[in-house]
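Trainee: Any chance you can model this:
(chains A and B)
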There are 2 protein chains.
Amino acid sequence: MSNAPDNGVRAFIDQNGGGFLDELAEWLRIPSVSADPGRAGDVRRSAEWLAAKLSETGFPTAQVWETSGLPAVFAEWPSGEPDAPTVLVYGHHDVQPAAREDGWDTDPFDPAVRDGRMYGRGAADDKGQVFFHTLGVRAHLAATGRTAPAVNLKLLVEGEEESGSPNFLELVRERADRLACDTVIVSDTGMWGPGTPTVCTGMRGLTDCQIDLHGPSQDIHSGSFGGAVPNPATEAARLAAALHDDARRVTVPGFYEGVVELTDRERELFARLPFEDEWFLETSKSGALLGEEGFTTLERIWARPTAEVNGIHGGYQGPGGKTIIPAEAQLKLSFRLVAGQDEAKIQRSIADWVAERLPAGIRHEITFWGATRPCLTPLDHPALESLTRAMGRAFGKEILFTREGGSGPAADLRDVLGAPVLFLGISVPSDGWHSVNEKVELDLLLKGVETAAYLWGDLAEHWRPAGA
Amino acid sequence: MSNAPDNGVRAFIDQNGGGFLDELAEWLRIPSVSADPGRAGDVRRSAEWLAAKLSETGFPTAQVWETSGLPAVFAEWPSGEPDAPTVLVYGHHDVQPAAREDGWDTDPFDPAVRDGRMYGRGAADDKGQVFFHTLGVRAHLAATGRTAPAVNLKLLVEGEEESGSPNFLELVRERADRLACDTVIVSDTGMWGPGTPTVCTGMRGLTDCQIDLHGPSQDIHSGSFGGAVPNPATEAARLAAALHDDARRVTVPGFYEGVVELTDRERELFARLPFEDEWFLETSKSGALLGEEGFTTLERIWARPTAEVNGIHGGYQGPGGKTIIPAEAQLKLSFRLVAGQDEAKIQRSIADWVAERLPAGIRHEITFWGATRPCLTPLDHPALESLTRAMGRAFGKEILFTREGGSGPAADLRDVLGAPVLFLGISVPSDGWHSVNEKVELDLLLKGVETAAYLWGDLAEHWRPAGA
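Mentor: Purely as a prediction, here's the structure:
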């Protein structure tokens, strides 16, 4: 081992990794299941445990933040340097439900280490990924000889992510001053795979709605009236079918307006990922690929806006047949959005499109459940360059880029705080999020520690945000 | 009153109408609800009551016929004349369920006469219309001085029509020899309205099916996979939507092949019926008309084949949204058929059309529940001419023609017995079939008696069937 900074970080991690894992296991023993009202006390205990641990780590401020629901944790460690960037790390300390009977090999709340993995609910999603920041900042200080991090470091760890973050936006709005930052770093995502370290550069947005269609005031006889009056089940089907043309592009007018198209470099970087149809079909439990013409599967799920029918219901559902024209039908639709799309405009466009397509005799209501905005980090953003460099040093490999097809609360942070969002996640697809035998790969977890340790110095050295 | 045959019939009816109505009321007191297993004994009692009454009327043969389900009644009264046509009257003695609590003004099984109407379950559907044939044949004999009817008269009164006639076809096949006839007269339909006596000349056929679509092997996340794999709810919608083109014609290849088109005379006769959109919309509980371009509403429901979505189901149906691609979706479709269509060919064509339209990755099964063939009486059939004449004498008005949009077991009789089907019904739309306060208009009921009384003589005089 030389005295190069790398080795200082690695040596520190080698020395302290064992204690770090013991502490993580202690945290995983707290069953902080936010969806279970009977576990509210455990979610609070988890928040208090983390706040105490962040204090021990050295954060001058580490406190439990109350919400209208379950508590979050906030911690802050100012750099002391005048122009230092301010970074807000986001994660969550609540977990999905889990029970041994679901098919776990060991008790989900009594973590077990075997074959270089720690098994337990929350090991990857998200306690492990939150917790690597504690050893990360300690390694950063030890290796650089500093007494405070090179950046102003803040952590916000919510307690209701697995329940849909019902109070998160309110919390961020109320505490926007304390949360002010130059960039958000979300540690709640993953990498392509164990041998392919990647940085996620975007998540799709989402808006979803319900359309209720009303035809006859009650079910009527399809013999006596069939072929002469509108049928709401038919009209629901016609709407759902008309969402896509034969090239499987979404037909709602203006839907693609403003869409940030993939650059050649992004397409080329996606194409370098070791993607295999067979693996994707297995993961998606599907029998074939189908999507917008002119795009690869990864482009379709990561970078293209889409429309999906989540539910369609109308008429008779029992055994055999029933010759009715049903009184009502219902559609539940969701639209994934990408950077550049205006969700308010799209909602209006969907509402207009629906209204225009329905024939006389079909009344309808459309209800939008809300909208989550998409996130996209430009590949040439200086903070992303720092992150990629730090991760490259930790993994000793070129870092490729992914995105997420899903949607998350990260966009709320960006919108309220006005800061770009980066994703530092070290989980891999086999980690079993929301499933049985959730685990984290210990070598990857320590690579996360190492990445964090490099990142703060790199950011401080290479980035002077406009506002700083 | 003169001694003209008309007046003989009318005088007989005037004298015997009171007793006839008392007897009908007695029959209506038997709650022969075939759908209620607890009423099986009442259905049997109803059959026995009717067989006894037909014996009293003079039918030399009147017997209860067992089926695998509930009993039917058969009666036969040979004419004695060598070349007399043989007529089989069809009706049913079972009734729909009914209870005072459903909103009846009086007990549905304790008939009440008020304002020239008899209220009670079965008054119109179908006991009243079966029963008018008893007084009808007596009036025929009284007015003509005969001791046996001018035609060979048979009656078949089933006991499971309101339960979908599950054993009817089997019964007709087994008893085809006894039921052999030159024409079937179905007394289980209605007229246009009290001031517009009409004869029904056709019913549509029916074939219905269920299509089950299978996509991913379980519901999958629409964020992670949306836009890249086929969605069975979308494909179900695309099938249902593709059933009709923008002119609302059915798109299944070959669907219109062989369709017997309306003649100019039929269209002109339909157009003379006092149809009003407002009335139709009220009856259909619908807000607007919609159907195949180029046809009036009556043409659409009576003479055109149609496709209807009776049910469409797939994915999430609870409150709010759920971002899934569902594993399965289901369609229930029914197709009304008209004369000239080949239901077996159409079923194959539908099955092929479905299979061709589904993308790779969507497995499916299609199940046809069965097929009822359409009925159509040519307007120039001699038996129809007799019926129209008899009805015209009874009502003293021109008789117009209707059809029924629905489907019934009449086609089974035609197909098994090889005889054309005529419809002699005197019910009117306000009679409340299957609804509360079912009633029959007493003056129309007696016009039914009178029509039957004239019909047997007219048929014997004007028609010598080829086989007779």
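Trainee: by contact count, what packs against the helix or strand A:Ile366 falls within?
Mentor: Of the helices and strands defined by DSSP states H and E, A:Ile366 is found in strand A:363-372. Counting by 3 or more Cβ pairs under 8 Å, 6 or more residues apart in numbering or on different chains; DSSP states H and E, the packing neighbours recorded for strand A:363-372 are strand A:205-214, helix A:343-357. C-beta here means a position set from N, CA and C on the backbone, and glycine is covered the same way.
Trainee: hmm, who's touching it?
Mentor: With Cβ atoms under 8 Å, 6 or more residues apart in numbering or on different chains as the test, strand A:363-372 has contacts from A:205-214, A:337, A:343-344, A:347, A:350-351, A:354-355, A:358, A:407-409, A:411-412, B:287, B:320-321.
Trainee: Only the buried subset of those residues, as a ChimeraX command please.
Mentor: The ChimeraX command for the buried members of the contacts of strand A:363-372 (criterion: 16 or more other Cβ atoms under 10 Å in any protein chain shown) is given here:
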select /A:205,206,207,208,209,210,211,212,213,337,343,347,350,351,354,358,407,408,409,411,412 /B:287,321
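Trainee: Can you report phi and psi for the most centrally placed residue in chain A?
Mentor: Nearest residue to the geometric centre of chain A (Cα atoms, centre = their mean): A:Gly408, 4.2 Å. Backbone dihedrals for A:Gly408, given as degrees, to the nearest 10, come out at phi -150, psi 180.
Trainee: who's the residue nearest to it when sequence neighbours are not counted bridged to?
Mentor: Distances taken as Cβ to Cβ, 6 or more residues apart in numbering or on different chains place A:Met203 nearest to A:Gly408, at 5.5 Å, with adjacent residues excluded. When assigned by DSSP bridges, A:Met203 has beta-bridge partners A:Cys375, A:Glu404.
Trainee: so where's chain A shaky on pLDDT?
Mentor: A:1-7, A:467-468 (pLDDT under 70).
Trainee: which stretches of it form helices?
Mentor: Read by DSSP state H, chain A holds these helices, from start to end of the chain: A:5-28, A:40-57, A:127-144, A:168-174, A:176-179, A:222-225, A:232-242, A:264-271, A:277-284, A:297-303, A:343-357, A:382-395, A:410-417, A:442-462.
Trainee: domain assignment for chain A?
Mentor: Under the assignment named as automatic domain parsing, the residue ranges that make up the domains of chain A are A:5-203+A:374-462, A:205-259+A:305-372.
Trainee: chain center to the longest one: distance?
Mentor: Right, the one you point to is domain A:5-203+A:374-462. When C-alpha coordinates are averaged (Cα atoms, centre = their mean, to the nearest Å), domain A:5-203+A:374-462 and its chain have centres 12 Å apart.
Trainee: And for the last one?
Mentor: Chain-centre distance of domain A:205-259+A:305-372: 27 Å, with Cα atoms, centre = their mean.
Trainee: Same question for stretch A:199-217.
Mentor: Offset of stretch A:199-217 from its chain centre (Cα atoms, centre = their mean): 17 Å.
Trainee: Kindly report the same for stretch A:296-308.
Mentor: Averaged C-alpha coordinates place stretch A:296-308 at 16 Å from its chain's average position (Cα atoms, centre = their mean).
Trainee: Quick one: end-to-end distance for it.
Mentor: Across stretch A:296-308, the straight-line distance between its terminal residues is 18 Å, by Cα to Cα, to the nearest Å.
Trainee: ok, and does that stretch reach over to chain B?
Mentor: Yes. Using Cβ under 8 Å from any Cβ of the partner chain, stretch A:296-308 reaches chain B at A:Thr297, A:Arg300, A:Ile301, A:Arg304, A:Thr306, A:Glu308.
Trainee: Make CSV out of those residues and add neighbour count and distance to B:Arg238.
Mentor: Conversion of the residues of stretch A:296-308 next to chain B to CSV gives the following (neighbours: other Cβ atoms under 10 Å in any protein chain shown; distance: Cβ to Cβ, whole Å):
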residue, neighbour count, distance to B:Arg238
A:Thr297, 20, 21
A:Arg300, 24, 18
A:Ile301, 26, 21
A:Arg304, 26, 20
A:Thr306, 27, 16
A:Glu308, 27, 13
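Trainee: and A:Arg39, what does it touch?
Mentor: With contacts defined as Cβ under 8 Å, 6+ apart, A:Arg39 is in contact with A:Pro31, A:Ser32, A:Val33.
Trainee: measure the residue lying farthest from the centre of chain A to B:Ile301 for me?
Mentor: No residue in chain A sits farther from the centre than A:Ser224, which is 52.0 Å out by Cα atoms, centre = their mean. From A:Ser224 over to B:Ile301 the distance is 7 Å, taken as Cβ to Cβ, to the nearest Å.
Trainee: Check the contact lists of those two and give me the overlap.
Mentor: Listed contacts common to A:Ser224 and B:Ile301 are B:Gly405; contacts here mean Cβ under 8 Å, 6+ apart.
Trainee: picking up where we left off before, kindly reformat the domains of chain A as JSON lines containing distance to B:Arg146.
Mentor: Conversion of the domains of chain A to JSON lines gives the following (distance: least, Cβ to Cβ, whole Å):
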{"stretch": "domain A:5-203+A:374-462", "distance to B:Arg146": "83"}
{"stretch": "domain A:205-259+A:305-372", "distance to B:Arg146": "40"}
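Trainee: Could you point out which of the ones you listed sits nearest B:Leu379?
Mentor: Ranking the domains of chain A by their distance to B:Leu379 (criterion: Cβ to Cβ) puts domain A:205-259+A:305-372 first, at 22.0 Å.
Trainee: from the contacts of A:Arg39, which is closest to A:Gly159?
Mentor: A:Ser32 (7.1 Å).
Trainee: Which residues are in contact with the closest one?
Mentor: A:Arg39, A:Asp42, A:Val43, A:Arg45, A:Ser46, A:Ala47, A:His93, A:Asp94, A:Val95, A:Gly122, A:Gly159.
Trainee: Correct me if wrong: the last one contacts A:Asp94.
Mentor: In this case it means A:Gly159. Yes. Under the criterion of Cβ atoms under 8 Å, A:Gly159 lies in contact with A:Asp94, with a separation of 4.8 Å.
Trainee: Tally up the residues packed near A:Gln317, please.
Mentor: By the other Cβ atoms under 10 Å in any protein chain shown criterion, the neighbourhood of A:Gln317 contains 14 residues.
Trainee: Now it. Nearest residue, chain neighbours left out?
Mentor: Here the residue nearest A:Gln317, using Cβ to Cβ, 6+ apart, is B:His313, at 5.0 Å.
Trainee: cool, A:Lys447 as well?
Mentor: Closest residue to A:Lys447 apart from its sequence neighbours, by Cβ to Cβ, 6+ apart: A:Ala394 at 4.8 Å.
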